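Engineer: Take this sequence and fold it.
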Amino acid sequence: MTASASEKKAVNDNHGNEYLVFTLGNEEYGIEILKVQEIRGCERVTRLANTPEFITGVTNLRGVIVPIVDLRIKFDLAGVEINEKTVVIVLSLAQRVVGIVVDGVSDVLSLDAEEIKPAPDFSVTLSTDYLLGLGSVDERMIILVDIEKLLTSEEMELVEKTVNESL
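Structural biologist: Presented below is the predicted three-dimensional model:
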């Protein structure tokens with residue numbers, strides 16, 4: 001089985017990139033380190049009405065209103081709870097600053113193109129549009145996420161609209 005041209009391009013675009021590795025449940029995920037602004041402990045957030053459950057609220061980060069997305073809820077993980085390892089990764093994306101709640105952060109990995117395999121196509125029932133591929137280092141398998149695609153959905157536009165209306 002050969003990779004399509006777009007899959008090869010996606011893998012080649014990721015040559016030598018560094019990824020912040022975080023955990024959600026028992027799985028490890030990676031996002032491009034250049035999108036990470038900071039890592040913070042879980043703090044109290046202000047809940048907004050009429051937002052999806054996975055958007056836990058907003059927080060004021062040095063004068064910037066930042067929506068907080070709990071990826072554990074967005075990915076339908078069971079037993080979501082906040083503990084001493086739970087952190088918020090603050091991301092600086094093209095159009096907004098967003099915080100994502102994850103179970104923990106482990107390390108930063110540099111992956112070469114040959115260490116990244118294209119994401120499998122699971123059919124129309126599960127969208128893999130936001131997956132960059134699967135990183136393989138030693139015995140670890142890291143799911144590489146295109147956080148821009150994941151967080152620039154209509155749901156995030158709803159949050160922005162709700163925040164602006166409440167200001």
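Engineer: Excluding residues flanking it in the chain, which one is nearest the residue nearest the centre of the chain?
Structural biologist: Nearest to the geometric centre of the chain sits residue 147, at 4.5 Å (C-alpha atoms, centre = their mean). Ranked by C-beta to C-beta, 6 or more residues apart in numbering and with sequence neighbours excluded, the top spatial neighbour of residue 147 is residue 31, at 4.7 Å. Placement of C-beta: from N, CA and C, glycine included.
Engineer: Let me see the confidence value for the one you found.
Structural biologist: At residue 31, the pLDDT value in this model is 95.
Engineer: ok, it to residue 51 distance?
Structural biologist: In this view, residue 31 and residue 51 are 22 Å apart by C-beta to C-beta, to the nearest Å.
Engineer: try residue 40
Structural biologist: 21 Å.
Engineer: Counting neighbours, go ahead and name the busier of these two.
Structural biologist: residue 51 (20 against 14; other C-beta atoms under 10 Å).
Engineer: Could I get the phi/psi values of the more buried one?
Structural biologist: Phi and psi for residue 51, reported as degrees, to the nearest 10, are phi -120, psi 160.
Engineer: ditto for the one 10 residues further on
Structural biologist: For residue 61, the backbone dihedrals (degrees, to the nearest 10) come out as phi -110, psi 100.
Engineer: give me every residue that touches it.
Structural biologist: Each residue near residue 61 by C-beta atoms under 8 Å, 6 or more residues apart in numbering is listed here: 90, 97, 99.
Engineer: For those residues, give me JSON lines that also has secondary structure and distance to residue 111.
Structural biologist: Output for the contacts of residue 61, formatted as JSON lines (DSSP: H, G, I helix; E, B strand; the rest coil; distance: C-beta to C-beta, whole Å):
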{"residue": "90", "secondary structure": "strand", "distance to residue 111": "23"}
{"residue": "97", "secondary structure": "strand", "distance to residue 111": "25"}
{"residue": "99", "secondary structure": "strand", "distance to residue 111": "24"}
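Engineer: Noted, bye for now.
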